[in-house]
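Peer 1: what's the 3D shape of this:
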Amino acid sequence: MVSLSLASNEQIGHQLTKQCSYVLQLNLACQPWKINLIGTIHSTGMLVSMIVSGWMSDRFGRMPTFIFCVVCGCIGLIKTFVTSYYVYVVIEFLEASVTGGSYAAAMVILVEIASARHRLLSGVIFAYAIYLGECLFAVIAMFVPYWKTLLRIINGPLIFFIFYIFIIYESPRWQIVNGKIEKAKESIKRIAKMNKINIDYEELDTITDVELKYKFDIAENQVKEGYSEIFKSKVILKRLLVVGMCRFTSSFVYYGLMINSVWLPGDKYVNFLLSTVMSFPGEIISLYLMNKYGRKIPLMAGYFISGTVCIISALVPDRFLWAKITLFLLGKVVISACFTGAITYTMELFPTSVRGTLLGLGSFASRLGGMLAPMSPILNTISTALPFTLFGCSAIITSLTLCLTPETKNTPLLDTIKQVEESDRRRKEKLPEKTVDRSMDTISSHI
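Peer 2: A predicted model of the protein is given here:
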């Protein structure tokens with residue numbers, strides 16, 4: 001996951017290392033828009049990847065999709081041998097088009113094997129791996145300013161992710177929902193063995209399909225659900241709209257702040273590293289508040305606070321260096337908490353049958369934000385306050401849209417669109433939920 005994070009930060013690397021012959025070798029002198037365009041092209045490829053990988057994840061499984069996407073990141077090594085800007089851009093697009101899906105697949109695996117009380121924690125662990133990669137990226141960029149060497153260090157290790165075949169296992173929940181009962185039992189055994197959990201293997205071998213689905217609180221699904229069912233459901237579309245806004249804003253503000261950190265007064269390497277380090281406490285705050293007060297209210301407050309801080313930061317004159325950097329870092333802490341919280345919230349809003357697909361669509365919106373973020377430094381030529389004002393307004397608007405979706409704390413992971421619609425109806429009528437989440441709760445209470 002650390003290598004994955006390194007690969008995702010290349011557009012930031014262009015800002016940090018462009019003075020070290022990168023501009024000269026690709027003939028980009030006096031063409032700053034071309035430098036910023038690389039980041040946008042990267043995000044465009046990620047956008048394509050999110051759509052395709054979501055479908056792949058639901059169709060072929062979470063684990064093979066994840067491994068395929070990561071290993072294909074080695075395509076990035078080709079960029080170190082090209083001398084044409086346009087060839088470089090094409091390779092950048094191809095690389096991002098395959099590697100982007102690894103995020104969604106990995107996150108779905110984590111959430112689906114976690115119990116209700118551990119789902120948010122799994123998201124925090126996932127985020128910490130990414131932040132660790134970002135910190136490592138900043139340190140490497142300090143000591144390896146030559147861009148070709150930097151890219152080789154980033155992309156080369158991705159080939160070793162092929163060995164994840166022997167380390168991670170398919171989501172049992174996905175296997176059960178898709179009728180792969182025997183494979184699900186095998187995955188449960190391997191997960192239990194790795195985590196040193198004692199289960200009754202004999203009972204697991206003899207348990208019926210219906211009983212296994214009951215233990216994991218999985219509904220029978222007679223219809224293979226896909227895009228047609230998604231776009232027929234008003235409840236799903238409303239949730240998708242809110243999720244899309246959350247994911248767009250999280251990515252736009254998070255990466256926008258990170259990229260613009262190198263434009264702040266002071267050392268750009270130190271500013272970037274501080275920007276990344278400040279993401280760590282954000283996750284602790286997210287874990288505490290969302291476990292105590294639920295998902296929805298902390299997210300609404302988080303987006304509103306980060307937006308307000310960004311706008312205030314935009315109004316502070318550059319001569320007040322520490323005040324500006326302090327506000328910037330505070331905004332980074334809060335949006336980091338929202339970033340992971342929004343992903344976990346997304347997982348809990350959508351059913352298993354189309355979770356990968358809908359997560360991919362949500363990530364599509366996230367990539368749109370990521371496409372715009374690398375272009376935000378151009379606004380500094382008009383006013384240094386403009387990017388931060390834009391980030392702030394986006395976050396505040398997102399806070400308001402969250403009024404449209406329900407709270408999901410301690411609710412079961414639903415498995416079909418019909419279940420989601422029924423749950424929404426019962427919520428509006430203020431009726432109690434029918435089911436209790438048993439999924440992966442100490443391997444379903446040791447089977």
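Peer 1: Make sure residue 151 is actually in contact with residue 75.
Peer 2: No - applying C-beta atoms under 8 Å, one finds residue 151 not in contact with residue 75, separated by 11.3 Å. Just so you know, the C-beta spots here come from the backbone N, C-alpha and C atoms, and that holds for glycine as well.
Peer 1: The two - which one has more neighbours?
Peer 2: For residue 151 versus residue 75, neighbours defined as other C-beta atoms under 10 Å are more numerous around residue 151 (21 against 18).
Peer 1: distance of that one from residue 103?
Peer 2: With distances taken as C-beta to C-beta, to the nearest Å, residue 151 is found 20 Å from residue 103.
Peer 1: same deal with residue 200?
Peer 2: From residue 200 over to residue 103 the distance is 36 Å, taken as C-beta to C-beta.
Peer 1: tell me the phi and psi of residue 80?
Peer 2: phi -80, psi -10 (degrees, to the nearest 10).
Peer 1: Look up how far residue 195 lies from it.
Peer 2: 40 Å.
Peer 1: Same question for residue 210.
Peer 2: Taken as C-beta to C-beta, the span from residue 210 to residue 195 is 26 Å.
Peer 1: Output the below-cut-off pLDDT ranges for this structure.
Peer 2: Residue ranges of the chain with pLDDT under 70: 1-32, 115-116, 214-225, 260-268, 271, 430-447.
Peer 1: coming back round to it: higher neighbour count, residue 80 and residue 195?
Peer 2: residue 80 (16 against 10).
Peer 1: Quick check: chain neighbours aside, which residue is closest to that one?
Peer 2: residue 148 (4.3 Å; C-beta to C-beta, 6 or more residues apart in numbering).
Peer 1: Residue 421 too?
Peer 2: In space, residue 421 is closest to residue 235, 5.0 Å off (C-beta to C-beta, 6+ apart).
Peer 1: my read: the one you found touches residue 420, true?
Peer 2: Yes - assessed by C-beta under 8 Å, residue 235 is found in contact with residue 420 at 5.8 Å.
Peer 1: Compare neighbour counts for these two and give me the winner.
Peer 2: The neighbour comparison of residue 235 against residue 420 (other C-beta under 10 Å) goes to residue 420, with 20 against 17.
Peer 1: For residue 155, pull up the helix or strand it's in.
Peer 2: helix 147-155 (DSSP states H and E).
Peer 1: I misspoke; the intended subject was residue 413.
Peer 2: Short version: residue 413 belongs to no helix or strand, going by DSSP H and E.
Peer 1: Got the phi and psi for it?
Peer 2: phi -70, psi 120.
Peer 1: what number of residues lie near it?
Peer 2: If you count neighbours by other C-beta under 10 Å, residue 413 ends up with 27.
Peer 1: do the same with residue 107
Peer 2: 24.
Peer 1: Please give me every residue in contact with residue 61.
Peer 2: 170-171, 174-175 (C-beta atoms under 8 Å, 6 or more residues apart in numbering).
Peer 1: Show only the entries of those found in helices.
Peer 2: Of the positions in the contacts of residue 61, 174-175 sit in helices, assigned by DSSP state H.
Peer 1: Just the buried ones from the contacts of residue 61?
Peer 2: 170-171, 174-175 (16 or more other C-beta atoms under 10 Å).
Peer 1: Settle it for me: which of residue 200 and residue 103 has more neighbours?
Peer 2: residue 103 (26 against 11).
Peer 1: Wait, that one touches residue 363, no?
Peer 2: Yes - at 7.0 Å, residue 103 counts as touching residue 363 under the criterion of C-beta under 8 Å.
Peer 1: Secondary structure class of residue 199, three-state.
Peer 2: Under DSSP: H, G, I helix; E, B strand; the rest coil, residue 199 falls in the coil class.
Peer 1: How are the strands of the chain distributed by residue range?
Peer 2: Assigned by DSSP state E, the chain shows no strands.
Peer 1: so what secondary structure elements neighbour the helix holding residue 155?
Peer 2: helix 2-8, helix 10-17, helix 119-143 (3 or more C-beta pairs under 8 Å, 6 or more residues apart in numbering; DSSP states H and E).
Peer 1: still on that earlier bit, was I right to think the residue nearest to residue 80 contacts residue 77?
Peer 2: No - counting by C-beta under 8 Å, residue 148 stays clear of residue 77, with 9.9 Å between them.
Peer 1: Contacts only, for the closest residue to residue 177 other than its chain neighbours.
Peer 2: Distances taken as C-beta to C-beta, 6+ apart place residue 352 nearest to residue 177, at 5.0 Å, with adjacent residues excluded. The neighbours of residue 352, taking C-beta under 8 Å, 6+ apart as the test, are 112, 173-174, 177, 218, 413-416.
Peer 1: do the same with residue 149
Peer 2: Residue 149 neighbours (C-beta under 8 Å, 6+ apart): none.
Peer 1: ok, now residue 243?
Peer 2: By C-beta under 8 Å, 6+ apart, the contact set of residue 243 is 342, 345-346, 349-350, 358, 362, 365, 405.
Peer 1: at 6 Å instead, please
Peer 2: Contacts for residue 243 (C-beta atoms under 6 Å, 6 or more residues apart in numbering) come out as 346, 362.
Peer 1: How about the one 10 residues further on?
Peer 2: Residues in contact with residue 253, defined by C-beta under 6 Å, 6+ apart, are 335, 391, 395.
Peer 1: Going by distance to residue 69, which of these wins?
Peer 2: Nearest to residue 69, judged by C-beta to C-beta, of the contacts of residue 253 is residue 335 at 25.3 Å.
Peer 1: Now the closest one: closest residue in space, sequence neighbours ignored.
Peer 2: Using C-beta to C-beta, 6+ apart, the nearest residue to residue 335 is residue 306, at 4.4 Å.
Peer 1: the helices in the stretch 301-447 of the chain, which residues?
Peer 2: 321-349, 355-372, 386-401, 417-428, 442-446 (DSSP state H, counting those that start in this stretch).
Peer 1: could I get the ones you listed as JSON lines with distance to residue 33?
Peer 2: Conversion of those to JSON lines gives the following (distance: least, C-beta to C-beta, whole Å):
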{"stretch": "helix 321-349", "distance to residue 33": "25"}
{"stretch": "helix 355-372", "distance to residue 33": "14"}
{"stretch": "helix 386-401", "distance to residue 33": "16"}
{"stretch": "helix 417-428", "distance to residue 33": "43"}
{"stretch": "helix 442-446", "distance to residue 33": "54"}
